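Student: sharing a model prediction with you, sequence too.
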Amino acid sequence: DAGVIQSPRHEVTEMGQEVTLRCKPISGHDYLFWYRQTMMRGLELLIYFNNNVPIDDSGMPEDRFSAKMPNASFSTLKIQPSEPRDSAVYFCASSLQGGGHNEQFFGPGTRLTVL
Amino acid sequence: GEDVEQSLFLSVREGDSSVINCTYTDSSSTYLYWYKQEPGAGLQLLTYIFSNMDMKQDQRLTVLLNKKDKHLSLRIADTQTGDSAIYFCAEKADSWGKLQFGAGTQVVVTP
C-alpha cells in the first residue's frame, strides 16, 4: 500500500489567495483526520471524518477553513482567503476503526507558506 | 478538557538510555500511544499500551503506565543516532478514534 498520500508537498501562496490541500487515505480506512502543526501551537486536530461524514470540526480555526470528503478515497482542506498565520505543516491521517486500538497513519504533510 | 503534557527537549548520549515522560488528565483514556516524527515526515506509531497494563516491552522500547498518577513514560535502551526525532505522547480522547497529542519531546542523540 502506498500509505496516505498528500498533495502538494509544498505550497507557497500570497495572502488572500485560496489554497486547497488534498489527501488520499489508505484504502479501506474509515476515518480521516486533518491536523495542523506549528512551532507555537504544536499539533492541532482540525477536523475528522468517519465514513465521509464530519464528526468533529471543533478544531477548525475559523470560517476561512473548510474540509470535504466527497468519497472514501479523497478529502480536501480549503483555506479561503489565506493569511500569513495559516503558514504551517498540514497533515492528513487515516485509521481503520474507531473502537479499540486504532493506529493513525500519517501522510508526509503539506508545508504551506502564506506570504 | 483533556490535556497531555511533555517536556520539550531531551539530550542523550549514544548508547545511553532515554526516558521521555508524559502526563495526561483523562483518567478514562483506554489507550495511550507514543508516536515518532522524523524531520520532514509525518508521525509514525512507535508503540501503544492499553490502560489495564502497567508495562509493555517491545525490543528496545519500554512503556510504563502509572494510572494513579496519570503518568506515561517511554524508555529507549541503547539510544542510537537514528532515534533523534520528536516523540509525541497521545491518549485516546473519544470512542470515535480521536487522539489528544502532547506538544512533543525533541530528542537529540549525541555521539
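Tutor: That came through, no problem. Numbering: from 1, shown residues only, chains lettered A, B, ... in the order given.
Student: next up, the contacts around residue 74.
Tutor: As the question left the chain open, I've gone with chain A. A:22-24 (Cβ atoms under 8 Å, 6 or more residues apart in numbering or on different chains). C-beta: built from backbone N, CA, C; applies to glycine.
Student: can you look at chain B instead?
Tutor: Neighbouring residues of residue B:74 by Cβ under 8 Å, 6+ apart: B:18-20, B:22, B:34, B:46-47, B:61-63, B:87, B:89.
Student: next one: residue B:94
Tutor: So residue B:94 contacts residue A:56 (Cβ under 8 Å, 6+ apart).
Student: quick one: it from residue A:72, how far?
Tutor: Distance, residue B:94 to residue A:72, using Cβ to Cβ, to the nearest Å: 21 Å.
Student: next secondary structure after the lowest-mean-pLDDT helix or strand in chain B?
Tutor: In chain B, no helix or strand scores lower on mean pLDDT, DSSP states H and E than strand B:99-101, which sits at a mean of 90. Per DSSP states H and E, the first helix or strand lying C-terminal to strand B:99-101 is strand B:105-110.
Student: okay, now the sheet partners of that following strand, with direction.
Tutor: Strand pairing for strand B:105-110, using DSSP bridges, gives strand B:9-13 (parallel), strand B:85-92 (antiparallel).
Student: just the element for residue B:20, please.
Tutor: Going by DSSP H and E, residue B:20 is in strand B:18-23.
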